[in-house]
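Colleague: When you get a sec, could you give me coordinates for this:
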Amino acid sequence: MLEQYDREELYRKVWEQPLLKVAKEYGVSAVALGKTCRKLSVPVPGRGHWAKLAHGHARVDKPPLAKLEKVPVIYRSPVMKEKPITPQQNHSDYAAITQLLASGAFDPQPLDASARPHLLIRNSGSLLRSHTRKDENGLLLPREPGGLDVKVSEGMLERALQVMTQVLTILERLGYSVQISEQRQTTVLIDGQRVSFGLEEPIRRVVTQKPRVPNPTDRWDYNRIVTNEPSGKLALVIHSSTWGQHEHRQRWSDAKVQRIEALLPDFVAGLMRTAVALRRQEEERKKREMDEQRRFQELAQLRKDVEEEEKKVNQLNDWVKDWEEAERLRRFIRVYSANSQSWPAEKQPKHKAWIEWANQQADRLDPFVSERPPSVLDRKRELNRW
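Modeller: Numbers count the residues shown, from 1 in each chain. Coordinates of the predicted model:
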């Protein structure tokens, strides 16, 4: 949602601190904020005002805020909150890198023009100086693999090689070695972590309007032609991926007022921060794997315990059912025995034999009987073999 400028608040702030700081607070450029002040008729300090105050000059009288019959309504986008520094990025390893950067340990030294170029620089230059091998965007293609990851046009090759020479010199001075990996990537080994990086010339998109009628009168009379061409700028890029709380800057590019030669110390610090992030990501990955393995073992043991418990519970329920069934049979047998005594005497042997057999069936069900009486039913499974 857009936010409206408060004229009186803006008037107070531009006289309390420089316009650049106020613009940063509002999340706009100083130029845009100056235009807003003019539209709102807010007076601002003159050129050099804050520098004069810093050198002890007397403060200029603040002109009053003019009253307007109708105050213009001007909106701005809400200020984006800066991404907070996570505890991971505030780690002691990162603090040590920041301290080294501030001490000048990563600053490049003047190159010795008489010294023999670095082997990787010589090989890369030799592979890229084939002017006829270019891709569809005009970037040089090496004759064969084996060189540094440098993707530039012919006109930027010499500068690119000088930049890579300074990067290699700083890294080797710090004790790190740069190699070409089997995947043809340029990598530096920092504290056991391989960080891949490269130098490239960004491609810019060029749109031209070409008339397709003799006397064009509107935009529909033109053909829109889109081409890609080298931008004439250089960018140092870290290709090794970090993400989430370990995410760090991965690109350093030429700008209007600053070239990447001035950004080399920060780029080297970025390589070292990336190495720390990769190591910590690997440590967290291993910890997650160990946690998952431990959890898997815990679940496996839990599954085993549950199965054993269920087996015991089922066995208990079976025992109770068998015991109840055995008791039910014995009660019936007792009633049967009592009633059979009044029956004819010639049938008593048959009744006694049946009672004995019935007691055996009850004993076969009773879980408290240690030795189950044998039965022909025990051989029933033999019938399945035929």
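Colleague: The residue nearest the centre of the chain and residue 336, how far apart?
Modeller: Centroid check for the chain by C-alpha atoms, centre = their mean gives residue 243 as the closest residue, at 2.7 Å. As judged by C-beta to C-beta, to the nearest Å, residue 243 and residue 336 stand 82 Å apart. Just so you know, the C-beta spots here come from the backbone N, C-alpha and C atoms, and that holds for glycine as well.
Colleague: What of residue 290?
Modeller: Between residue 290 and residue 336 the computed distance is 68 Å (C-beta to C-beta).
Colleague: ok, residue 232 - how many residues close by?
Modeller: When neighbours are defined as other C-beta atoms under 10 Å, residue 232 has 13 of them.
Colleague: Was I right to think it contacts residue 201?
Modeller: Yes. Here residue 232 lies in contact with residue 201, judged by C-beta atoms under 8 Å, at a distance of 7.4 Å.
Colleague: list residues touching both of these two?
Modeller: Overlap between the contact sets of residue 232 and residue 201, as judged by C-beta atoms under 8 Å, 6 or more residues apart in numbering, is given by 153, 156.
Colleague: Residue 290 and residue 336 - which one has more neighbours?
Modeller: residue 336 (13 against 10).
Colleague: And what about the more buried one, helix, strand or coil?
Modeller: helix (DSSP: H, G, I helix; E, B strand; the rest coil).
Colleague: which residues touch it?
Modeller: 351, 354, 355, 358.
Colleague: so who does the last one touch?
Modeller: Right, residue 358. 329, 332, 333, 336.
Colleague: helices or strands up against the helix or strand harbouring residue 99?
Modeller: For residue 99, the element it lies in under DSSP states H and E is helix 92-103. Packing contacts for helix 92-103, counted by 3 or more C-beta pairs under 8 Å, 6 or more residues apart in numbering; DSSP states H and E, involve helix 264-340.
Colleague: What is the least confident helix or strand in this protein?
Modeller: Within the chain, no helix or strand scores below helix 49-54, which has a mean of 80 by mean pLDDT, DSSP states H and E.
Colleague: and that one, which residues are buried?
Modeller: Residues residue 49 are the ones in helix 49-54 that count as buried (16 or more other C-beta atoms under 10 Å).
Colleague: Tell me which residues are up against it.
Modeller: In this structure, residues lying in contact with helix 49-54 by C-beta under 8 Å, 6+ apart are 18, 59, 60.
Colleague: For the helix or strand following that helix, which strands pair with it and how are they oriented?
Modeller: Sequence-wise, the next helix or strand downstream of helix 49-54 (DSSP H and E) is strand 75-76. Paired strands of strand 75-76, with direction, are strand 3-4 (antiparallel) (DSSP bridges).
Colleague: So what touches the partner strand?
Modeller: Applying C-beta under 8 Å, 6+ apart, the set of residues contacting strand 3-4 is 73, 74, 75, 76, 77, 78.
Colleague: Same question for stretch 67-78.
Modeller: The contact list for stretch 67-78 (C-beta under 8 Å, 6+ apart) reads 1-5, 7, 26-28, 36, 39-41.
Colleague: with those in mind, which one is nearest to residue 315?
Modeller: Closest approach between these and residue 315, by C-beta to C-beta: residue 1, at 67.8 Å.
Colleague: which SS class is residue 381?
Modeller: Under three-state DSSP, residue 381 comes out as helix.
Colleague: Mind pulling up the pLDDT for it?
Modeller: Looking at residue 381, its pLDDT reads 87.
Colleague: ok, now residue 290?
Modeller: 96.
Colleague: Same question for residue 81.
Modeller: Confidence score, pLDDT, at residue 81: 55.
Colleague: same check, this time on the one 3 residues further on
Modeller: According to the prediction, residue 84 has pLDDT 53.
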